[in-house]
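**Student:** Following is a predicted model, sequence given first.
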Amino acid sequence: MVIETSVMANLFDTSRKTGFGMSSDGDARILNDVGAFGYSPISSIIAWNKTFAVADSGNCDGIGATTGVLKDSGQNFQSTVLVGMICENTTSDPREYTEVTGVTSDTALTVTDDIFDDGDDYVIYKVQALPDGWLECDGTVINDTDSVFHGETLPDLNNTTMRTLIGSNGSGVIGGSTSHAHNFGSSHQGQSGSGTQIQDPPTQTVNHMPPYMSVVWIIRIK
């Protein structure tokens, strides 16, 4: 099985020109592609399908005290995984992600972050990790001295309350609300025998969330 990696890498490569065609071995693919990402202005925000298409999954074993690795004795990583792919620890809460830095063998990978222990379930996605110059909009402070935005706080667009972006002649204004209320009238009292009966207004809970697909918002910082 051949997994094509040049397309994703080239999407973010600003040194290349855009072109479409057939490769020398006859596969249709994007050639030397910059795409929408490469030509995006600095501070552009775009949607990223971070967990699109699973390359492999399983359960960790044999890690022990070793750090920065993912091991699974029942795997064949050399046939399914490439350097740069995104790994998720699906046992952890909240989710934790890291990047494959090496395919050591069929049963072992090296990864950027030490997030796996024996017994953890994992998923490896075919999506390549973000290249230099792109960050997730997660509300953290930018730490990159090569960026004009060094020290600035990223917009926090990937939390559970931020559901949409709206066009404007400026940017960065936050609006809207995550809740609303309905007023059905006031309570009233009525005599019932020797006591007083109090009737509260009716209440109603309505879910107005339309069907949606989640994405990860990313921003270009240099």
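**Tutor:** Yes, it's here. Numbering: from 1, shown residues only.
**Student:** make it CA atoms for all contacts and neighbour counts henceforth
**Tutor:** Will do.
**Student:** Test my guess that Val127 contacts Ile86.
**Tutor:** Yes: shown here, Val127 and Ile86 form a contact pair, counting by Cα atoms under 8 Å, at 6.2 Å.
**Student:** These two: who's more crowded?
**Tutor:** Ile86 (26 against 21; other Cα atoms under 10 Å).
**Student:** and the more buried one, that one's in a helix?
**Tutor:** No: counting by DSSP: H, G, I helix; E, B strand; the rest coil, Ile86 falls outside a helix, being strand.
**Student:** was I right about it contacting Lys126?
**Tutor:** Yes: using Cα under 8 Å, Ile86 is in contact with Lys126, at 7.1 Å.
**Student:** Need the residues touching each of these two.
**Tutor:** Overlap of the contact sets of Ile86 and Lys126 (by Cα atoms under 8 Å, 6 or more residues apart in numbering) consists of Thr51.
**Student:** Let me see the ranges of the helices in this protein.
**Tutor:** Shown for the chain, the helices assigned by DSSP state H span residues 6-11, 35-38, 77-80.
**Student:** Which one of those helices has the poorest average confidence?
**Tutor:** Within those, confidence is poorest for helix 6-11, with a mean of 40 (mean pLDDT).
**Student:** Let me know how buried the closest residue in space to Val111 that isn't next to it in sequence is, in neighbour terms.
**Tutor:** In this structure, Val111 finds its nearest non-sequential neighbour in Val100, 4.5 Å apart by Cα to Cα, 6 or more residues apart in numbering. Using other Cα under 10 Å, Val100 is surrounded by 23 other residues.
**Student:** nearest residue to Asn89 other than its sequence neighbours?
**Tutor:** Per Cα to Cα, 6+ apart, closest to Asn89 is Tyr122, 4.6 Å.
**Student:** show me the contacts for that neighbour.
**Tutor:** Tyr122 sits in contact with Ser57, Gly58, Asn59, Cys60, Cys87, Glu88, Asn89, Thr90, Thr91, where contact means Cα under 8 Å, 6+ apart.
**Student:** Mean confidence (pLDDT) on stretch 148-157, please.
**Tutor:** The average pLDDT within stretch 148-157 is 94.
**Student:** Quick check: buried residues in it?
**Tutor:** Buried residues in stretch 148-157, counted by 16 or more other Cα atoms under 10 Å: Phe149, Leu154, Pro155, Leu157.
**Student:** Show me which of those residues is closest to Trp48.
**Tutor:** Nearest to Trp48 among those, counting by Cα to Cα, is Leu157 at 12.2 Å.
**Student:** quick one, what contacts the residue nearest to the closest one when sequence neighbours are not counted?
**Tutor:** Closest residue in space to Leu157, ignoring its immediate chain neighbours: Cys137 at 5.5 Å, by Cα to Cα, 6+ apart. Shown in contact with Cys137 (Cα under 8 Å, 6+ apart): Leu154, Pro155, Asp156, Leu157, Asn158, Val216, Trp217, Ile218, Ile219.
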